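**Student:** Provided below for reference: sequence and predicted model.
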Amino acid sequence: MGAEGIRVEGLEREFKGGIRAVDGIDLEVAPGEIYGFLGPNGAGKSTTVLMLVTLLPPTGGRATVAGFDVVKQGPQVRRMIGAALQEAALDDFLTGWEHMDLQGGLHGLSRKESRARGGELLERVGLVDAADRKVGGYSGGMKRRLDLALALIHRPRVLFLDEPTTGLDPQSRSALWGEVERLAREEGVTVFLTTQYLEEADVLAGRVGIIDRGRIVAEGTPSALKAEIGRVSLEAIPSRSEDRERLRAALAPFGKPAAHSPRGEAVRLSGGAEQLADVVRALDAARIEVAELQLHQPSLDDVFLEKTGRSLEGSDDSDAEAPEPAAA
């Protein structure tokens with residue numbers, strides 16, 4: 001692996017009470033790769049990022065970013081990275097331009113360099129017209145795009161994005177996706193992207209790692225991980241909500257439960273799509289009327305369900321990633 005990637009070996013972070021938020025993970029991210037880090041709230045995603053950007057010391061293992069050790073060479077790591085974390089570090093009383101000037105100065109750019117680079121980035125993220133306005137008047141999507149621009153002002157070689165599109169409207173999310181893709185493709189920036197959104201990982205990431213309860217339970221390209229599951233799933237939505245329990249019982253003989261279905265029930269067909277006719281006959285025999293019956297190819301949520309026994313989509317786990325640190 002080249003010097004501008006990420007290497008993690010046995011990385012751990014334990015908090016008070018013996019809570020191990022990150023439990024001995026190993027991973028590598030190649031230079032110029034977009035790596036998606038998937039998992040529900042509390043799985044260890046943000047804790048991992050905080051360690052890799054040198055904001056939280058590991059309690060075990062080792063990690064290097066852009067060839068520098070995150071514990072022993074923190075200043076060198078910070079010069080090589082950009083980070084847009086879950087909470088954008090913005091001042092509501094400063095304008096977009098003032099933020100760019102301040103960030104450029106902190107990274108050692110002259111005012112002229114900050115203005116040139118800031119203008120380029122503000123145009124790239126679609127904020128030129130809003131650059132003279134105070135950030136307090138920005139929408140959530142505008143703030144996330146400004147935060148991305150700030151993370152890029154010093155031309156980092158590695159970019160950390162911690163759930164960058166949470167709460168964004170579809171248009172803002174699509175615009176941010178386009179910029180992340182361009183950074184990796186045209187500038188060779190290594191991107192470490194944490195997300196709960198399966199579509200986001202599918203669209204952007206060359207490889208994904210799935211973390212659950214502090215451990216990586218699966219890793220590979222999205223297509224390879226879905227191919228491991230192999231079997232199609234069937235989703236059935238009853239015409240009457242009171243029939244949902246009976247529907248679940250009628251589908252049970254045809255395979256294991258599949259990914260979360262908010263209005264109906266889903267199973268991964270053990271015999272493949274050829275079982276569809278048998279399913280229809282079983283539902284008729286049980287006198288269960290369905291409003292919708294669909295076949296789905298395997299998804300990343302099916303992968304998560306297969307590896308952990310629960311669904312990632314629709315997860316409402318509380319964010320348990322920031323307890324107090326254990327004493328060193």
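**Tutor:** Arrived safely.
**Student:** show me where this structure has strands.
**Tutor:** According to DSSP state E, the chain carries its strands in the segments 6-15, 19-29, 34-38, 60-65, 68-69, 81-84, 158-162, 190-195, 207-212, 215-220, 233-238, 255-257, 265-269, 290-296.
**Student:** most packed of these?
**Tutor:** The densest packing among the strands of the chain, expressed as mean neighbour count by mean count of other Cβ atoms under 10 Å, is seen in strand 34-38 with a mean of 26. Where C-beta positions appear, they are placed from N, C-alpha and C, glycine not excepted.
**Student:** other SSEs contacting it?
**Tutor:** helix 45-52, helix 170-187, strand 190-195, helix 198-204, strand 207-212 (3 or more Cβ pairs under 8 Å, 6 or more residues apart in numbering; DSSP states H and E).
**Student:** relative to helix 170-187, how tilted is that strand?
**Tutor:** Strand 34-38 runs at 140 degrees relative to helix 170-187, counting by axes from the mean of the first three to the mean of the last three Cα atoms, to 10 degrees.
**Student:** partner strands of strand 34-38, parallel or antiparallel?
**Tutor:** Sheet pairing here is set by DSSP bridges, and for strand 34-38 it gives strand 190-195 (parallel), strand 207-212 (parallel).
**Student:** and the gap between the residue located most distally from the centre of the chain and residue 22?
**Tutor:** What lies farthest from the middle of the chain is residue 285; by Cα atoms, centre = their mean that is 43.2 Å. Computed as Cβ to Cβ, to the nearest Å, the residue 285 to residue 22 distance reads 50 Å.
**Student:** cool, and residue 282?
**Tutor:** Where residue 22 is concerned, residue 282 sits at a distance of 45 Å (Cβ to Cβ).
**Student:** swap in residue 263?
**Tutor:** From residue 263 to residue 22 the distance is 36 Å (Cβ to Cβ).
**Student:** over to residue 104?
**Tutor:** In terms of Cβ to Cβ, residue 104 sits 33 Å off from residue 22.
**Student:** cool, residue 276 as well?
**Tutor:** Distance from residue 276 to residue 22, by Cβ to Cβ: 43 Å.
**Student:** same check on residue 297?
**Tutor:** Counting by Cβ to Cβ - residue 297 and residue 22 are separated by 32 Å.
**Student:** returning to that earlier point: any chance of the strands paired with strand 34-38 in JSON lines, plus distance to residue 86?
**Tutor:** Formatted as JSON lines, these follow (distance: least, Cβ to Cβ, whole Å):
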{"stretch": "strand 190-195", "distance to residue 86": "9"}
{"stretch": "strand 207-212", "distance to residue 86": "16"}
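**Student:** coming back round to it: tell me which of the helices and strands packed on strand 34-38 lies nearest to residue 60.
**Tutor:** helix 45-52 (10.6 Å; Cβ to Cβ).
**Student:** only C-alpha atoms, please: export the closest one in PDB.
**Tutor:** Extracted C-alpha coordinates of helix 45-52, given in PDB (Å, rounded to 0.1, in the frame of the first residue of the first chain):
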ATOM      1  CA  LYS A  45     -17.700   4.300  13.300                       C
ATOM      2  CA  SER A  46     -17.200   7.800  14.800                       C
ATOM      3  CA  THR A  47     -14.800   6.500  17.500                       C
ATOM      4  CA  THR A  48     -12.600   5.000  14.700                       C
ATOM      5  CA  VAL A  49     -12.600   8.300  12.800                       C
ATOM      6  CA  LEU A  50     -11.700  10.300  15.900                       C
ATOM      7  CA  MET A  51      -8.700   8.000  16.500                       C
ATOM      8  CA  LEU A  52      -7.600   8.200  12.800                       C
END
